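In: From the sequence below, what's the structure:
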Amino acid sequence: MNKKIWAAALAAAVTVSSAAMLPYEDMRFAMAAAQSSSSGSEVEDTSTDGRTTAGGFSFSVSGKEATITGYTGTVKDLAIPTKIKFTQENTSGGNTGGNTGGSTQKPETTEIEYSVVAIADNAFSGNLGIQKVTMSGGTDKDGKVFGLRTIGERAFFACHDLATVEIASTTTSIGKNAFTDCVALNSMKVADGNTRYKTLDNALYYYTSTPGTGEYTLIQYPLANSAKEYKVPDAVSFTLTEVQDGAFWGSPFLENIVLPATVKKVGNNAFTECKNLKTVSLPAGLTALGEEAFKGDSALAEITLPDGITMVQPGTFQGCEALKKVNLSNELKIIGNRAFQGCKSLETFDVPGDVTTLGDQAFAQCEALRQITIPMRTTSIGGGVFTDTKVTVLCHNGSQASVYAAANGLTTERTYTVSFYTNSTYTNLIDSQEVVEGKDAVPPKVAERDGYRMSWSGSYAAVKGDIRVYQVWVKQFDVTFTDSFNEKTEVVKVDEGKTVVPPAWTMPGYTLTWDKDLTDLVTENFTVRAIWRNNNTGVTLGANAVKPAEKGTEITKGNNKYKVSSSNPGNPTVKFVGLENADVSNVTIPETVSYGGVSYRVTLISANALKDNTSVANVIVSKNVKSICAKAFNNCKRLKKVKLKSKVISKMNNKAFADIHPKAVFYTYNSQISKYTGMLKNAGVKKPDVKRL
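Out: Have a look, this model is predicted:
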């Protein structure tokens, strides 16, 4: 091997090195530096001019410390050196002359070593070749701390091929936008032991470890992450307070972002050029939203700014072409320069009542903007605010907006100011709004007050002039209406000193009354109970009345089986449907059956109830039965004695008693013999034997 080439490589390995904790680490970083500068020819690895290393790093020095200021190399996997050595010629050397033939001695040199502690602002900005950057630090074999402490602002800005970043344990300061717009970035790591930075899900965070705080700032999101939604990791969901400048700039995949309630600040350009971003949930406690925060987010259609935001910064929504709805707080005071410039889908806009300033070109190139309402308090309107729009300005006569519109050839419509106050002295303003003549104002939402009803002192509909209204609070009481029978309750709120209007409850066959006089004026909370009176019997259902079972409910009493045929609380009924045990000789169908605290009248014997029974010999039908259905006792061969004690039977249907014992005898009251004899013939008994009961 050419000795000069080998010497140059060895010199490179010595002069650009990483003073790691182990000799192996020393060699690894030294060789990385040597490889980054070697091109197959003799290369000095020392800096002869004190500005550039053989590895391609330019630097500046202060004392014994160096700052990397730039890079001209072509290495893709780049290790930032931790030491730079500068070989300097001594000017005191000279010609030795004498008997030796007058030979000239070479100048003496001095080697100066610098510790690399910082990367300067913009040092690698725009470099398109670097794919990985490794920054080192730690403690060397002599116990001395070494390594990178500072990464400057925009240090790696727009390094579009940069995919992996490893940050040293010694780094305590990373400037704004250090890794912004690195669209290939998918892995960020921080060495163990770093007390200010850490990574979670490959995103870089700054944190304070002060006891009782532990606050986090999101520095950089890995833009190559293909996830469509960003949610804060659980580990920082209660401690994240800030999203730093440019943290999401250029994310090509994100569609939804949800920030937790703890976030107070979103930096400049935080979400710039996120082309697929559709929704952003900003927390109620947010107090600062940076310049151009959403600039160029062409898919964003709607945004809500919380009450703490008092200024829309310059360029905040510039170029948000899909933005159609903007919900702004009444706390807003300023809409800055270019705030909504180029929002091509924005059609209408209501400037909040306390806004004093509209910045230059605030709504320029909003091609769809047809109507904007500007309040009286807006006294400063910049240049070119409505350039390239066909907007109509809704404004108060004599306002600065009307003057501006006239001066710029804009169409105007007259508005009036409607102001909402908390008190009758008009000293505490809640909200004011400009309302087009003849239109209605929209009252602001106000916090409820327990036990009171709020109304406004006057009308704000069909506005014809400036209006002031204030809150009127009326004490209210709760009147609770209960219907224990039907298990219903309704609470009616009543203004103090007014009468209560009860609920319009109904129940078939009953009239509703109440247990209290409802004509009295209400002065306290109280309960009213329903009383139901049967329209036929006059019987009332008190508070302890039990509701009958639903129609079709099966009931077994003794050996008899029934089904509920009517659940009318005034006249609950059941029908006899059969026997639990068919092997009995005597069957009595009673007048009533009790079930669940309710007494049911037995009014019907169901079809086929005892059909084909081979055991029953005697049947008693009690006085409430009105109908004996088809084949109820058909083919009961042993049925020989039937007592019909009911006087209200109106039907004995087809074959109800067909094919029973040929010598069967029926007993009934004398008054019913003739009637029931005819019915029994229709029921399948050819020659009924009916005797007096």
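In: Now do the SS call for A235.
Out: helix (DSSP: H, G, I helix; E, B strand; the rest coil).
In: do Y676 as well
Out: Y676 ends up helix, using three-state DSSP.
In: How about it, nearest residue that isn't a chain neighbour?
Out: Nearest residue to Y676, sequence neighbours excluded (Cβ to Cβ, 6 or more residues apart in numbering): T668, at 5.3 Å. C-beta: built from backbone N, CA, C; applies to glycine.
In: what residues are up against the one you found?
Out: 643-645, 676, 690, 692-693 (Cβ atoms under 8 Å, 6 or more residues apart in numbering).
In: Run a quick neighbour tally on T523.
Out: Using other Cβ atoms under 10 Å as the criterion, T523 is surrounded by 12 other residues.
In: ok, and it, which helix or strand is that part of?
Out: Following DSSP states H and E, there is no helix or strand that holds T523.
In: For it, which residues are in contact?
Out: By Cβ under 8 Å, 6+ apart, the neighbours of T523 are 477, 496-497.
In: again with E550
Out: Neighbours of E550 in contact, by Cβ under 8 Å, 6+ apart: 564, 567.
In: which SSE is it in?
Out: Going by DSSP H and E, E550 is not part of any helix or strand.
In: any idea where the helices of the stretch 251-400 of the chain begin and end?
Out: 400-407 (DSSP state H, counting those that start in this stretch).
In: Can you show me the helices along the protein?
Out: Applying DSSP state H to the chain gives helices spanning 3-15, 23-37, 400-407, 673-682.
In: what's near enough to touch T69?
Out: 58-60, 120, 123.
In: Now a ChimeraX select for only the buried ones of the residues you listed.
Out: The ChimeraX command for the buried members of those (criterion: 16 or more other Cβ atoms under 10 Å) is given here:
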select :58,59,120,123
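In: which residue packs closest to G359, ignoring adjacent ones?
Out: Nearest non-adjacent residue to G359, counting by Cβ to Cβ, 6+ apart: N337, 3.7 Å away.
In: got it, and A630?
Out: The nearest residue in space to A630 (Cβ to Cβ, 6+ apart) is N653, at 4.2 Å.
In: I figured that neighbour hits F633, correct?
Out: No. If you go by Cβ atoms under 8 Å, N653 and F633 don't touch, sitting 11.2 Å apart.
In: the more surrounded of those two?
Out: Between N653 and F633, counting by other Cβ under 10 Å, F633 is the more crowded of the two (28 against 17).
In: From G55, how far off is E242?
Out: 36 Å (Cβ to Cβ, to the nearest Å).
In: sorry, back to before: what subset of the contacts of T668 is buried?
Out: Looking at the contacts of T668 with 16+ other Cβ under 10 Å, the buried ones turn out to be 643-645, 676, 690.
In: State which strand of the protein is the longest.
Out: The longest strand of the chain (DSSP state E) is strand 467-483.
In: How about it, which residues are buried there?
Out: Applying 16+ other Cβ under 10 Å to strand 467-483 flags 467-471, 476-477, 479, 481-483 as buried.
In: Widest-spaced pair of the contacts of T69?
Out: Greatest spacing in these, by Cβ to Cβ: S60 and A123 (10.5 Å).
In: before we move on, back to that, check what pLDDT the residue nearest to A630 gets.
Out: Looking at N653, its pLDDT is 92.
In: A664 now?
Out: Per the predicted model, pLDDT is 96 at A664.
In: Name the nearest residue to it, ignoring sequence neighbours.
Out: K640 (5.1 Å).
In: who touches the one you found in this structure?
Out: Taking Cβ under 8 Å, 6+ apart, one finds 617-618, 660-661, 663-665 in contact with K640.
In: Run a quick neighbour tally on N428.
Out: 10.
In: Please report how far the residue lying closest to it once chain neighbours are set aside lies from I589.
Out: Excluding its sequence neighbours, the residue lying closest to N428 (Cβ to Cβ, 6+ apart) is T422, at 4.3 Å. Distance check for T422 against I589: by Cβ to Cβ, it reads 75 Å.
In: Compare neighbour counts for those two and give me the winner.
Out: Each of T422 and I589 has its neighbours counted (other Cβ under 10 Å); I589 has more, 22 against 14.
In: how close does the more buried one sit to L644?
Out: For I589, the distance to L644 - Cβ to Cβ - is 10 Å.
In: Next, show the common contact partners of these two.
Out: V621.
In: Please tell me the pLDDT value assigned to F29.
Out: pLDDT, F29: 34.
In: no wait, G138
Out: 89.
In: Over to the one 3 residues further on?
Out: Here the pLDDT value assigned to K141 is 83.
In: same thing with the one 3 residues further on?
Out: We note a pLDDT of 89 for K144 in this prediction.
In: try the one 3 residues further on
Out: At G147 the predicted local distance difference test score is 91.
In: Report the beta-bridge partner residues of it.
Out: With DSSP bridges as the criterion, G147 is bridged to G137.
In: cool, and T556?
Out: K561.
In: neighbours of it, just the number please.
Out: 13.
In: mind checking how far it is from V577?
Out: 10 Å.
In: Overlap of the contact sets of the two?
Out: With Cβ under 8 Å, 6+ apart, T556 and V577 have common neighbours Y562.
In: Could you check how far G678 is from V690?
Out: 10 Å.
In: Nearest residue to R370 in space, ignoring adjacent ones along the chain?
Out: Nearest one to R370, counting by Cβ to Cβ, 6+ apart, is E347 at 5.7 Å.
In: So W473 is in contact with D450, correct?
Out: No. Proximity of W473 to D450 does not meet the contact threshold set by Cβ under 8 Å, at 11.2 Å.
In: Spit out the contact partners of G175.
Out: 121, 150-155.
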